[in-house]
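[1] no letters, just coordinates:
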């Protein structure tokens with residue numbers, strides 16, 4: 001097994017990957033991004049690096065003998081004027097700013113290219129942990145009722161459409177009506193907006209209706225930015241009165257799958273994996 005350099009942002013995904021490597025015996029080195037990575041990663045061998053310190057990052061990875069890297073976790077778009085880059089970061093900064101002007105996906109593709117230029121193989125979180133992806137069919141005991149079928153189809157259509165426009169990854173549909181689409185605010189904030197809508201156009205706890213769909217953008221660099229759901233997503237879906245969640249099988253990450261499945265079963269929320277859209 002080639003040694004993995006985990007470039008860790010915030011959230012639970014980097015922790016899950018680190019724990020998986022520990023269980024499976026895969027050699028690991030963790031680059032903790034300042035201001036983003038959580039304290040749970042402190043016990044692992046690694047280094048703390050600023051997001052513009054590319055030279056420091058590359059040197060640390062090479063000294064540690066890493067052959068592959070995985071970029072995982074939440075990192076907000078930087079204020080480029082406030083960054084303090086090292087020399088390698090300064091060299092890359094103009095191209096990074098130019099890529100960022102084209103959108104978040106272009107910026108991520110640029111960063112992947114910088115690691116590949118340094119000789120590192122880039123692995124997606126779903127490649128490091130092959131059980132992270134949503135499987136086909138229902139996850140857990142809850143299946144979508146027949147009445148939810150049209151909303152499942154419509155919500156995925158809308159999520160894919162906004163993805164083609166590089167807007168976001170998620171959409172909420174209830175009885176054919178588009179209640180919300182996700183932009184920069186993220187899934188949790190979008191679902192909080194849905195929960196504030198009149199109950200006449202959405203479901204409610206005990207009488208759930210409507211579906212959240214998440215799908216990757218066609219241009220998306222899925223090795224570093226796959227759509228994700230976790231415990232907070234399931235809770236927010238239930239609070240918004242929605243019946244369930246749908247995503248493309250293998251192209252939606254389910255964090256803490258066992259706990260997510262148990263919570264969805266408890267709350268009566270279905271989670272459904274469907275075949276990915278054919279190009």
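    In hand now; what should we look at? Quantities reported herein were computed from a predicted structural model and do not represent experimental measurements.
[2] ok now stretch 62-80, how far from the chain's centre?
    Mean-position distance between stretch 62-80 and its chain equals 15 Å (Cα atoms, centre = their mean, to the nearest Å).
[3] same question for stretch 92-101.
    Using Cα atoms, centre = their mean, the offset of stretch 92-101 from its chain centre is 22 Å.
[4] next one: residue 101 from residue 180, what distance?
    Look at residue 101 and residue 180: by Cβ to Cβ, to the nearest Å, they are 27 Å apart. Using the backbone N, CA and C atoms, a C-beta is placed for each residue, glycine as well.
[5] please identify which of these two sits among more neighbours.
    For residue 101 versus residue 180, neighbours defined as other Cβ atoms under 10 Å are more numerous around residue 180 (24 against 8).
[6] touching, residue 201 and residue 180? I think so.
    No - using Cβ atoms under 8 Å, residue 201 is not in contact with residue 180; the gap is 11.0 Å.
[7] distance check, residue 39 against residue 15.
    According to Cβ to Cβ, residue 39 and residue 15 sit 10 Å apart.
[8] what about the two, which has more around it?
    residue 15 (21 against 7).
[9] is the more buried one within a helix or a strand, and which one?
    Using DSSP states H and E, the element containing residue 15 is helix 13-24.
[10] mind listing what's buried along that helix?
    Going by neighbour count (16 or more other Cβ atoms under 10 Å), the buried part of helix 13-24 is 13-18, 20-21.
[11] and for stretch 126-133?
    Per 16+ other Cβ under 10 Å, stretch 126-133 contains these buried residues: 126, 128-129, 132-133.
[12] now do stretch 115-127
    Under 16+ other Cβ under 10 Å, the buried positions of stretch 115-127 are 115, 120, 122-126.
[13] and for stretch 169-182?
    Going by 16+ other Cβ under 10 Å, stretch 169-182 has these buried residues: 169-174, 179-182.
[14] could you do stretch 24-40 as well?
    For stretch 24-40, the neighbour count (16+ other Cβ under 10 Å) marks 26, 28-33, 36-38 as buried.
[15] now do stretch 207-219
    Neighbour counts over stretch 207-219 (16+ other Cβ under 10 Å) mark 208-217 as buried.
[16] beyond the helix or strand bottoming out on mean pLDDT in the chain, next helix or strand please.
    None of the helices or strands of the chain scores lower by mean pLDDT, DSSP states H and E than helix 104-117, at a mean of 88. Counting by DSSP H and E, the element after helix 104-117 in chain order, helix or strand, is strand 121-122.
[17] average pLDDT for the helix or strand following that next one, rounded please.
    Sequence order places helix 125-128 as the next helix or strand after strand 121-122, per DSSP H and E. For helix 125-128, mean pLDDT rounds to 91.
[18] ranges for the strands of this structure?
    For the chain, applying DSSP state E gives strands covering 4-8, 28-33, 46-49, 68-72, 121-122, 137-138, 170-174, 177-181, 211-214, 228-229, 244-248, 253-254, 270-274.
[19] reformat these into CSV and put mean pLDDT next to each item.
    Formatted as CSV, the strands of the chain follow (pLDDT from 0 to 100):
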stretch, mean pLDDT
strand 4-8, 96
strand 28-33, 96
strand 46-49, 95
strand 68-72, 95
strand 121-122, 96
strand 137-138, 96
strand 170-174, 97
strand 177-181, 97
strand 211-214, 98
strand 228-229, 94
strand 244-248, 97
strand 253-254, 94
strand 270-274, 97
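[20] the ones you listed: which one's closest to residue 107?
    strand 68-72 (11.8 Å; Cβ to Cβ).
[21] what packs against that closest one?
    strand 4-8, helix 13-24, helix 104-117, strand 121-122, helix 125-128 (3 or more Cβ pairs under 8 Å, 6 or more residues apart in numbering; DSSP states H and E).
[22] residue 238 is nearest to which of the ones you listed?
    Taking these one by one with Cβ to Cβ, helix 13-24 is closest: 21.9 Å.
[23] and the angle for that closest one with strand 4-8?
    Orientation check (axes from the mean of the first three to the mean of the last three Cα atoms, to 10 degrees): helix 13-24 against strand 4-8 gives 160 degrees.
[24] and the angle from helix 13-24 to strand 28-33?
    Angle, helix 13-24 to strand 28-33, by the same axes, to 10 degrees: 170 degrees.
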